[in-house]
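Chemist: Output the structure for:
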Amino acid sequence: MASWQHSFAILIAFLSLLVGVSWAAYPQLGKSCRSDTQEHDCSAQLVCLKGSCEFCQVDAQCKETFSKYVCDIQDNHENTCQHKGLFPMDSGDVWTSFCAIVLGALAAGGGIGGGGALVPILVLVDGFTPAGAVPLSKAFILGASLVNLHHFYPKRHPTADRPLIDYKTAALFVPTQLLGTQIGVMCNRIWPGWLITVCLIVFLSFITKKTYKKAMDLHAVESRASDVQSETQRLIVKEDGVARRPRVYTPDLARPSPSAPKGSESSDATSSHTPGSTAANSEGLQAILKREAQVPWEDMKVLAGVWVLVVFVSLLRGGEGSGSVVGVRCGTFVYWMLYLLPFPIVGAVVLVMGNKLKQLHTKKDLLGYTYHDGDVVWTADSIVNYPAMCTLAGFGSGALGIGGGTVTSPLMLHLNMNAQVVAATASFMILFTSSSTTFQFMIMGVLMPSYAIWFMLMGSCSAALGQYVISWLLKKYRKQSIIVFCITAILGISAVALGLDGFVQFISDIIAGRRLWFRSICHVRDK
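Modeler: Modelled structure (predicted):
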């Protein structure tokens, strides 16, 4: 552990040195502009003065385009328009904070970050630009993810002696999702805003419908089981004059994995993985059960390495709305080399992880291992199909500008995983993506400290509230469909909010006479 801490300290020190390297932070400076299209011509940081994009001089120049922006006076006279500080708070800040608490509480129950619904609120209610809202949404999700990890880490699987978080699935899905996101983000830069909005509405509507159907199906199964149990418990068995209730067997409500081996039957909540007296005494099977009962720290170290690689390369290349810390220009040979660098490395990690899971599945079959309902069975087909589906999900996340949990949670539900396991595993996976992007934003100086700290606190409080309420509901009603309904609600809200935000932006683009077709990869986005 000491060596890992030492290496991380060296990396931080190196990045701190790199931050001191200058780069073209204001590429629009000096370019021609029109006052009626200032936002498009000069970005949100500069103002249009006498037909040229220049630094601001007074607050009024910034407020002509953004009512909540003020001129940030600097000693070097590089004054830029920035969103006002958090304090004193206005009505927009209060309403945004309230919406964030409600959305975060709903999202926490389903293991979704909720950033897809928060970004439009930051834009439409609190006056941020899209590029300014995204970093704050990531800070919000990071705060929620830390609380969710604290909540889910000690919890155990409902029917097996192992952690509730499916670390093996996460270890395979996180790298594949990162690969898909890399490609998707590049498409997001090229596609026109109206196309992204249309795809976003269609995509979110589709997965919302699918997830809602999954929730209703699971709710129907749970209701039938509950009705049968209630009816049975009304019968009183009298024995020797003493009234007793009969023992009632309640089946596991999670659906079995579609790829489960034939003949494998799920055990009830009080059983273990024991497939038979002979296999139960097998040293190999006992070793598997012992390893499953613990966190696979070796796999977690690999994920940490992937995290460091993605963050490091992104800082060198530039991304997430910011430039390169070493001045790498978009479209150059070095830029594309840095863009392609993670693919073979992360691809190799995926192959190694997949091969390990396949070998483990083969060994389990030989030892007579019995799978639980909702377990992912890593056969030769699933080891290829499921990561491919996660890569496509990552692509959709990056191309449409939505959080990874918005697509991975419905995907895992589609794989018929246990709903509680889905919420816990998705929250764990979101921690990697939210922390990497927040770290990049922090290093690049894109995050506003006051708002970033505030929304991290809002994310933490909303997640704590959401987990408390969901835990109470699960304990009271014993229905996992509650989790799936939470996921459905966030997906639906995100579809409406992002669709509305995209429509408003589309109208603004038409009025300003902006380009409504495919863009260059290296086009400059509004700050």
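Chemist: Show me which residues of stretch 384-404 are buried.
Modeler: Neighbour counts using 16 or more other Cβ atoms under 10 Å place 386-387, 389-404 of stretch 384-404 among the buried residues. Just so you know, the C-beta spots here come from the backbone N, C-alpha and C atoms, and that holds for glycine as well.
Chemist: Tell me which stretches of the protein form strands.
Modeler: Applying DSSP state E to the chain gives strands spanning 47-49, 52-54, 69-72, 80-83, 237-239, 242-244.
Chemist: pLDDT on the fourth one, on average?
Modeler: Think strand 80-83. Confidence for strand 80-83, expressed as mean pLDDT, is 84.
Chemist: and it, which strands flank it?
Modeler: strand 69-72 (antiparallel) (DSSP bridges).
Chemist: from the chain's centre, how far out does the partner strand sit?
Modeler: Relative to its chain's centre, strand 69-72 lies at 32 Å (Cα atoms, centre = their mean, to the nearest Å).
Chemist: next one: stretch 389-398
Modeler: In terms of Cα atoms, centre = their mean, the centre of stretch 389-398 is found 11 Å from the chain centre.
Chemist: Ok, stretch 454-467 next?
Modeler: 15 Å.
Chemist: same thing with stretch 330-350?
Modeler: With Cα atoms, centre = their mean, you get 22 Å for stretch 330-350.
Chemist: Just the buried residues of it, please?
Modeler: Buried-residue list, stretch 330-350, by 16+ other Cβ under 10 Å: 330, 335, 338-339, 342, 346, 349-350.
Chemist: which one of the residues you listed is nearest L303?
Modeler: The closest of the buried residues of stretch 330-350 to L303 turns out to be V349 (Cβ to Cβ; 8.7 Å).
Chemist: Now do the closest one, the pLDDT please.
Modeler: At V349, pLDDT is 89.
Chemist: so what's it up against?
Modeler: 175, 302, 306 (Cβ atoms under 8 Å, 6 or more residues apart in numbering).
Chemist: My understanding was that the last one contacts P175; is that so?
Modeler: Right, the one you point to is V306. Yes: contact between V306 and P175 holds when scored by Cβ atoms under 8 Å: they sit 5.4 Å apart.
Chemist: between these two, what contacts are shared?
Modeler: Looking at what touches both V306 and P175 (by Cβ under 8 Å, 6+ apart), the common residues are 346, 349.
Chemist: on that earlier part again, show me the buried residues of stretch 330-350 that map onto helices.
Modeler: 335, 338-339, 342, 346, 349-350 (DSSP state H).
Chemist: so who does L46 touch?
Modeler: L46 neighbours (Cβ under 8 Å, 6+ apart): 26, 28-29, 53-56, 80-81.
Chemist: should've said A463
Modeler: Applying Cβ under 8 Å, 6+ apart, the residues contacting A463 are 104-105, 107-108, 143-145, 147-148, 151.
Chemist: what's the closest of those residues to P88?
Modeler: G143 (22.7 Å).
Chemist: The closest one is in contact with W454, isn't it?
Modeler: No: assessed by Cβ under 8 Å, G143 is found out of contact with W454, at 9.7 Å.
Chemist: out of those two, which sits in the more crowded spot?
Modeler: Ranked by neighbour count (other Cβ atoms under 10 Å), G143 and W454 place G143 first, with 26 against 22.
Chemist: now the more buried one: how far from F455?
Modeler: Separation of G143 from F455 (Cβ to Cβ, to the nearest Å) stands at 7 Å.
Chemist: and if you look at N416?
Modeler: 35 Å.
Chemist: quick one, which of the two is more surrounded?
Modeler: Between N416 and F455, F455 has the larger neighbour count (other Cβ under 10 Å), namely 30 against 20.
Chemist: The residue nearest to that one when sequence neighbours are not counted: neighbour count?
Modeler: Nearest residue to F455 in three dimensions, chain neighbours excluded: F140, at 4.2 Å (Cβ to Cβ, 6 or more residues apart in numbering). If you count neighbours by other Cβ under 10 Å, F140 ends up with 33.
Chemist: Please name the residues that touch F140.
Modeler: Going by Cβ under 8 Å, 6+ apart, F140 touches 100, 104, 113-115, 118, 455-456, 458-459.
Chemist: could you redo these as a markdown table and give each row pLDDT and distance to R156?
Modeler: Shown next, in a markdown table, are the contacts of F140 (pLDDT from 0 to 100; distance: Cβ to Cβ, whole Å):
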| residue | pLDDT | distance to R156 |
| --- | --- | --- |
| A100 | 89 | 31 |
| G104 | 86 | 25 |
| G113 | 74 | 24 |
| G114 | 75 | 26 |
| G115 | 74 | 29 |
| L118 | 83 | 31 |
| F455 | 91 | 32 |
| M456 | 91 | 29 |
| M458 | 91 | 30 |
| G459 | 89 | 26 |
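Chemist: Could you list which of those residues belong to helices?
Modeler: Reading helices off the contacts of F140 with DSSP H, I get 100, 104, 115, 118, 455-456, 458-459.
Chemist: re the thing from before, looking at V306 and P175, which one has more neighbours?
Modeler: Under the criterion of other Cβ under 10 Å, the comparison of V306 against P175 puts P175 first, with 32 against 21.
Chemist: Need the pLDDT of the more buried one.
Modeler: In this model, P175 is scored at 88, pLDDT.
Chemist: Show me the shaky parts of the stretch 251-400 of the chain.
Modeler: 251-281, 319-323, 400 (pLDDT under 70).
Chemist: Let me see the ranges of the helices in it.
Modeler: Along the stretch 251-400 of the chain, the segments classed as helices by DSSP state H, counting those that start in this stretch run 277-280, 283-292, 297-317, 333-340, 342-367, 382-400.
Chemist: Check the offset of the longest one from the chain's centre.
Modeler: A distance of 24 Å separates the centroid of the chain from that of helix 342-367, by Cα atoms, centre = their mean.
Chemist: between it and helix 382-400, how many degrees?
Modeler: 150 degrees (axes from the mean of the first three to the mean of the last three Cα atoms, to 10 degrees).
Chemist: If I take helix 342-367 and helix 283-292, what angle do their directions form?
Modeler: Interaxial angle, helix 342-367 versus helix 283-292 (the same axes, to 10 degrees): 140 degrees.
Chemist: any idea how far stretch 164-178 is from the chain center?
Modeler: Between the centre of stretch 164-178 and the centre of its host chain there is 12 Å, according to Cα atoms, centre = their mean.
Chemist: whoops, I mixed them up, stretch 299-310
Modeler: On the basis of Cα atoms, centre = their mean, stretch 299-310 sits 17 Å off its chain's mean C-alpha point.
Chemist: buried stuff in it?
Modeler: Buried residues in stretch 299-310, defined by neighbour count with 16+ other Cβ under 10 Å: 299, 302-303, 306-307, 309-310.
Chemist: Please consider this matter closed, and thank you.
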